[in-house]
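Chemist: missing the sequence, but the structure's below:
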């Protein structure tokens, strides 16, 4: 069976400045600064980001994953973060966020946030989200 069939599905990817679990309701998250792009007066620019994910899995278990932030121009990673998604039961939806930390974007252009999961020694790209950096004009 292919690794893509054995790993969780990515239902939603949201890039934001901050993601926090609700203090009063389990399974609810507060997202601040949801964004499709980022403008900067100069480059390189440092930006702390989070990725909110809604995942699903047909099988319970723990699944190692990673988020790569990739510059589309040269296909180089500017950030790489590992995480683990834990499903307590079969056919579960799992909301979670990954703190990407301080991303350093060296230039304006198109970037991709890519989500991978691995199983049996192989990995599969399960979701991607485009992200644009542009130079702000005075």
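Modeler: On my side now, so go ahead. Note that the coordinates shown come from a computational prediction; the quantities given were computed from them, not determined experimentally.

Chemist: make it CA atoms for all contacts and neighbour counts henceforth
Modeler: Noted.

Chemist: the residue nearest the centre of the chain in helix, strand or coil?
Modeler: Nearest to the geometric centre of the chain sits residue 51, at 4.1 Å (CA atoms, centre = their mean). Of the three states, residue 51 takes strand under DSSP: H, G, I helix; E, B strand; the rest coil.

Chemist: name the element the residue lying closest to it once chain neighbours are set aside belongs to?
Modeler: In space, and not counting its chain neighbours, residue 51 is closest to residue 15: 4.7 Å by CA to CA, 6 or more residues apart in numbering. Under the criterion of DSSP states H and E, residue 15 resides in strand 9-16.

Chemist: cool, and residue 134?
Modeler: strand 122-135.

Chemist: what lines up beside that strand in the sheet?
Modeler: Neighbouring strands of strand 122-135 in its sheet, by DSSP bridges, are strand 37-40 (parallel), strand 109-119 (antiparallel).

Chemist: follow-up on the earlier one: from residue 57, how far off is the residue nearest to the centre of the chain?
Modeler: Separation of residue 51 from residue 57 (CA to CA, to the nearest Å): 19 Å.

Chemist: then residue 87?
Modeler: 7 Å.

Chemist: okay, these two: which has more neighbours?
Modeler: Neighbours per residue (other CA atoms under 10 Å) separate residue 87 from residue 57, with residue 57 holding more: 23 against 20.

Chemist: which residues does the more buried one bridge with?
Modeler: residue 92.

Chemist: thought it was touching residue 8?
Modeler: Yes. If you go by CA atoms under 8 Å, residue 57 and residue 8 touch, sitting 4.6 Å apart.

Chemist: report the contact partners of residue 68.
Modeler: Residues counted as contacts of residue 68 (CA atoms under 8 Å, 6 or more residues apart in numbering) are 77-81, 112-115.

Chemist: could I have the ChimeraX command that selects the buried members from those residues?
Modeler: Filtering the contacts of residue 68 down to the buried ones (16 or more other CA atoms under 10 Å) takes a single ChimeraX command:
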select :79,112,113,114,115
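
Chemist: and the residue nearest to residue 51, how many neighbours?
Modeler: 25.
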